[in-house]
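**Student:** Quick one, what's the 3D model for this:
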Amino acid sequence: MPAGFPWRLVTFDIDGTLTRGHGWTPIAAAFGRTAELERTNRRFLAREESEDAHLRALLDLATGRTVAEVEQVLERTPRLAGIREAVDDLHQRGATPAVLTHNPEYIVRWYERTFGFRDGWGVGAQGVVAGRIEAPGPVSADKLSGLAGLLRRAAARPSEAVHVGDGWADIPVFRAVGGGVALNSGFPEVRAAADLVWSGTDLRPIVDALARLTPRP
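**Tutor:** Got it, this is the predicted structure:
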């Protein structure tokens with residue numbers, strides 16, 4: 001365990017957590033597919049569409065585009081302030097900051113490069129051939145498989161990890177680790193499942209909040 005800091009691994013969701021609003025909204029707008037995004041969001045929030053089906057619909061919004069085109073959208077996506085500084089602070093405290101997300105690998109790697117995350121796991125399976133994004137295959141929105149991989153690579157026990165997220169899929173992760181933080185979540189179920197409910201437009205203060213959070217056994 002890092003000296004003076006209670007967490008060895010700190011994982012962050014991306015969409016709605018690091019981003020202000022859903023990260024796929026500007027992607028859909030850039031590629032003229034907003035109506036499709038609104039349709040899948042409406043069905044998902046009404047519980048008429050499964051998490052897997054919703055994830056597949058999101059990934060499909062980028063099908064046929066290049067990774068470079070998506071990265072241009074990521075550059076201008078509204079996000080919380082202070083992400084790089086918060087990640088650097090976690091590094092200095094001896095923790096491994098990582099992203100744990102439904103996003104595909106090409107988005108995960110962009111966040112790692114841009115903000116200095118030490119690791120990342122995206123459960124959204126979507127191939128890239130010669131820089132162009134393929135249609136998604138069978139997908140599983142289960143973040144627990146990604147969590148297991150991140151724990152293994154960080155040499156951390158579940159009780160030494162804390163997850164920061166905002167959505168329904170983050171609840172099982174909260175329960176599987178030593179702490180869960182609901183960040184800017186609009187879902188009562190997510191806030192109720194978290195050990196800490198936090199809101200703000202700057203990520204930097206959350207590091208001190210994590211330092212004060214006592215891990216569950």
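**Student:** Could you count how many residues lie near the residue nearest to residue 68 when sequence neighbours are not counted?
**Tutor:** In space, and not counting its chain neighbours, residue 68 is closest to residue 131: 6.7 Å by CB to CB, 6 or more residues apart in numbering. For the C-beta atoms, the positions are set from N, CA and C on the backbone; glycine is no exception. By the criterion of other CB atoms under 10 Å, residue 131 has 11 neighbours.
**Student:** Contact partners for residue 131?
**Tutor:** With contacts defined as CB atoms under 8 Å, 6 or more residues apart in numbering, residue 131 is in contact with 66-68.
**Student:** got it, and residue 172?
**Tutor:** 142-144.
**Student:** Just the buried subset of those, please.
**Tutor:** Using 16 or more other CB atoms under 10 Å as the burial test, the contacts of residue 172 include residue 143 as buried.
**Student:** Closest one to residue 22 out of the contacts of residue 172, please.
**Tutor:** Nearest to residue 22 among those: residue 143, at 16.5 Å, using CB to CB.
**Student:** Surely the closest one is in contact with residue 171?
**Tutor:** No - in terms of CB atoms under 8 Å, residue 143 does not count as a neighbour of residue 171; the distance is 9.8 Å.
**Student:** show me where the protein has strands.
**Tutor:** Along the chain, counting by DSSP state E, strands occupy 9-12, 96-101, 119-122, 128-129, 132-133, 161-165, 179-183, 196-198.
**Student:** Which of those sits closest to residue 29?
**Tutor:** Closest to residue 29 of the strands of the chain is strand 132-133 (CB to CB; 16.9 Å).
**Student:** and that closest one, what does it pack onto?
**Tutor:** For strand 132-133, the packing partners by 3 or more CB pairs under 8 Å, 6 or more residues apart in numbering; DSSP states H and E come out as helix 67-75.
**Student:** Where neighbours are concerned, which of the contacts of residue 131 has the most?
**Tutor:** The residue in the contacts of residue 131 with the most neighbours, by other CB under 10 Å, is residue 67 (18 neighbours).
**Student:** For that one, which non-adjacent residue is spatially closest?
**Tutor:** In space, and not counting its chain neighbours, residue 67 is closest to residue 106: 4.9 Å by CB to CB, 6+ apart.
**Student:** Equivalent analysis for residue 135, please.
**Tutor:** residue 63 (4.7 Å).
**Student:** For the one you found, which residues are in contact?
**Tutor:** 133-136.
**Student:** now residue 64
**Tutor:** The contact partners of residue 64, by CB under 8 Å, 6+ apart, come to 132-133.
**Student:** Show me this protein divided up by domain.
**Tutor:** For the chain, automatic domain parsing gives the domain ranges 9-20+79-211, 24-75.
**Student:** Quick check: which of those domains is buried the most?
**Tutor:** Comparing those by mean neighbour count (mean count of other CB atoms under 10 Å), domain 9-20+79-211 ranks first with a mean of 19.
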